[in-house]
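Trainee: Need coordinates for the following:
(chains A and B)
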Amino acid sequence: MSVVALDRVSLRLGGRAVLDDVSFSIEPGEFIGVLGPNGSGKTTLMRAILGLLPPARGTLRVFGRAPERGDAAIGYLPQVRTVLPDLRVRGLDFIGASLNGHRWGLPSLSPAERDAIDATLASIGAQHLAQRPLSEMSGGERQRLLLAQALIGNPKLLLLDEPLISLDARHQEVAIDAVRKVCRERGITVLFSAHELNQLLGTLDRVLYLGNGQAVLGTVDDVVTAPVLSRLYGTDIHVVRTDGHIFVMARGLDVERVHHVHDHGHEHGHHH
Amino acid sequence: MGIITDMFAYEFMINAFAAAGIVAVVSGLTGYFLVMRAQTFAGHALSHIGFAGATGAGLIGLAPLWGLVGFTLAAGIAMGLLSERLSNRDVAIGVVLALALGFGLLFLHYHTAFATQATALLFGNVLAVDHAMIATLAGLGLVTLLGLAAIMRPLIFASLQPELAEAKGVPLRFVSTVFLAIVALAVSACAQIVGVLLVFTLMVGPAAAAQRITTGLWAGLAVAAALALAEAWLGIVIAYYTDWPVSFCIAALSALGYFAALLWPANTQRQHSHTHAH
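Mentor: Predicted coordinates for the structure are as follows:
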């Protein structure tokens, strides 16, 4: 049974068809890199899988059934939009509030939950964040905290929306390695959205490329080609492979780098 | 010791301590979540809207407190329901609160006998509290604290990570609406002690200071409540001996507490995290 299966699905957002008549299926244990230009529907697709956005048309199945809000089998790392700069809540309480966070009443952590938090933080080398206030974490440390949070509770499917944003190169590698290791061990299926394909090349099983309302799922060799990407970007794209790296160029500009620079500036605006 | 026990020879002083104590604890705890959610301005606006309710109630012969409760509750629920459209709309909230103050003035204009009470509404009058008012404040406080306890876990989750909370099935709008209704009750109680213009002193000052000097959730709540209580009671004591208005003394202590917290030994990791912030 496929973990995620789309059959002629259309997703609409404010009257705009973000994905139009899209079909593909993702199998258990796959590590899928989700790529595509800004606004191509990476976040929208994840929100649909989470049951937050019903398809306008077609059938979307998650674990063989219609997506359900609050599915405990799905771990989610949202693209961080909410930044509360003065928040001095420590990492432990931050994660603690999210465990069973939908239940009414006073927050509390059982010893087992506390152990789970500690163990998961340790598995990505972030145990020191438990006692550190959020306001004193760098963007990268916050991302690692969120990643740990998504891994707690043994999810079967992990939706990571731009988890590498605001991580420096070294921590990007650490994060990718941590996700790969944990997910391979536990057989977790991963949708990992990113702007940079190259860092994920050694890790991903298949790539899901979104653009122009369409989606193409396949191996890197099949999908990251000039004809496919030209169709998805709606412009002439050249793909240059050299030395184990792949450069996706539009009119001589590196497409990924352009987006990356843009996003970086965006992040700065939020953090400072 | 005689100087201290002296105060308690007067029933109005005992009443003042009781009422201020109840309100301070409720305000400190509620304020902690206002600060966490960065909604302090909404709390401020609710109290101003309450002013129109209180003067309006006076105009039609009701107790000002119930006008205050009615208006702030209605406004809190409306803000919660509109929260997605109102988020970060400080201008819209500001315009509405100014309008509410304007209406308060209009109601006063038509009910001149009530004008003497206007100062008490705006700046509080804790020394005029009677037993009935203490009972009412205790009731309001109890409802507020029970409400907070009931929604606390999803409230914190929704405040810290709304995107994830939504995905995990937390009804964001419902939680936000119930919270603002709770804030409305706390504001109404708080306004009885320090007045609608000074609710910040007990609701935001102590809570913001507590957030500066603690990192744990329960420690933060405890410090917020304790600071609010200390500031309220000490304010009454100072007022008793200096004859200054109580609300001034509480406001001064609240500001003192907040700025002292800002000077709290800066964390050594701050420098470290800045070098990594890139």
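
Trainee: Now A:Asp161: closest residue in space, sequence neighbours ignored.
Mentor: Nearest residue to A:Asp161 in three dimensions, chain neighbours excluded: A:Gln79, at 4.2 Å (C-beta to C-beta, 6 or more residues apart in numbering or on different chains). Yep, even glycine has a C-beta here, placed from its N, CA and C like the rest.

Trainee: what about that neighbour, neighbour count?
Mentor: For A:Gln79, the neighbour count with other C-beta atoms under 10 Å in any protein chain shown is 15.

Trainee: what residues are up against B:Leu34?
Mentor: Each residue near B:Leu34 by C-beta atoms under 8 Å, 6 or more residues apart in numbering or on different chains is listed here: B:Thr40, B:Ala42, B:Gly43, B:Val183, B:Met203, B:Val204, B:Ala207.

Trainee: can I assume the fourth one sits in a helix?
Mentor: Yes - using DSSP: H, G, I helix; E, B strand; the rest coil, the secondary structure at B:Val183 is a helix.

Trainee: I'd say it and B:Ala45 touch.
Mentor: No - with contact defined as C-beta atoms under 8 Å, B:Val183 and B:Ala45 do not form a contacting pair (10.3 Å).

Trainee: Those two: which has the busier surroundings?
Mentor: Shown here are B:Val183 and B:Ala45; by other C-beta under 10 Å, B:Val183 has more neighbours (32 against 25).

Trainee: how near is the more buried one to B:Ala42?
Mentor: From B:Val183 across to B:Ala42, the span is 7 Å (C-beta to C-beta, to the nearest Å).

Trainee: got it, and A:Ile152?
Mentor: Plainly put, A:Ile152 is 32 Å away from B:Ala42 if you go by C-beta to C-beta.

Trainee: Tell me the residues on the stretch 1-150 of chain B that lie near chain A, please.
Mentor: Contact residues (C-beta under 8 Å from any C-beta of the partner chain) of the stretch 1-150 of chain B with chain A: B:Met36, B:Ala38, B:Ala149, B:Ala150.

Trainee: What residue, apart from its backbone neighbours, is nearest the residue minimising distance to the centre of chain B spatially?
Mentor: Of all residues in chain B, the one closest to the mean position by C-alpha atoms, centre = their mean is B:Met203, 3.4 Å from it. Using C-beta to C-beta, 6+ apart and skipping residues adjacent in sequence, the residue nearest B:Met203 is B:Gly31, 3.9 Å away.

Trainee: in terms of contact, does the one you found touch B:Val199 like I think?
Mentor: No - using C-beta under 8 Å, B:Gly31 makes no contact with B:Val199, being 9.0 Å away.

Trainee: shared neighbours, these two?
Mentor: Joint contacts of B:Gly31 and B:Val199 (C-beta under 8 Å, 6+ apart) are B:Gly43.

Trainee: A:Val216 pairs with what?
Mentor: Using DSSP bridges, the bridge partners assigned to A:Val216 are A:Tyr209.

Trainee: Any figure for the gap between it and B:Leu122?
Mentor: On the measure of C-beta to C-beta, A:Val216 and B:Leu122 end up 65 Å apart.

Trainee: Ok, B:Ala135 next?
Mentor: 24 Å.

Trainee: Pick out whichever of the two has more residues nearby.
Mentor: B:Leu122 (19 against 10).

Trainee: name the element that one belongs to?
Mentor: Following DSSP states H and E, one finds B:Leu122 within helix B:115-123.

Trainee: Give the other helices and strands that that helix contacts.
Mentor: With contacts defined as 3 or more C-beta pairs under 8 Å, 6 or more residues apart in numbering or on different chains; DSSP states H and E, helix B:115-123 has these neighbours: helix B:40-59.

Trainee: tilt between the helix it packs on and helix B:115-123?
Mentor: Inter-element angle recorded for helix B:40-59 and helix B:115-123: 160 degrees (by axes from the mean of the first three to the mean of the last three C-alpha atoms, to 10 degrees).

Trainee: what about the helices in chain A?
Mentor: A:42-49, A:91-96, A:111-123, A:139-151, A:169-186, A:220-223, A:226-233, A:255-271 (DSSP state H).

Trainee: Quick one, which of the ones you listed gets closest to chain B.
Mentor: In terms of C-beta to the nearest C-beta, the element of the helices of chain A nearest to chain B is helix A:91-96, at 4.6 Å.

Trainee: What would that closest one look like as CSV? C-alpha coordinates only.
Mentor: What follows is helix A:91-96, C-alpha atoms only, in CSV (Å, rounded to 0.1, in the frame of the first residue of the first chain):
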residue,chain,number,x,y,z
GLY,A,91,13.3,24.1,24.4
LEU,A,92,12.0,21.4,26.7
ASP,A,93,8.7,23.3,27.4
PHE,A,94,8.5,24.3,23.7
ILE,A,95,8.5,20.6,22.6
GLY,A,96,6.6,19.6,25.7
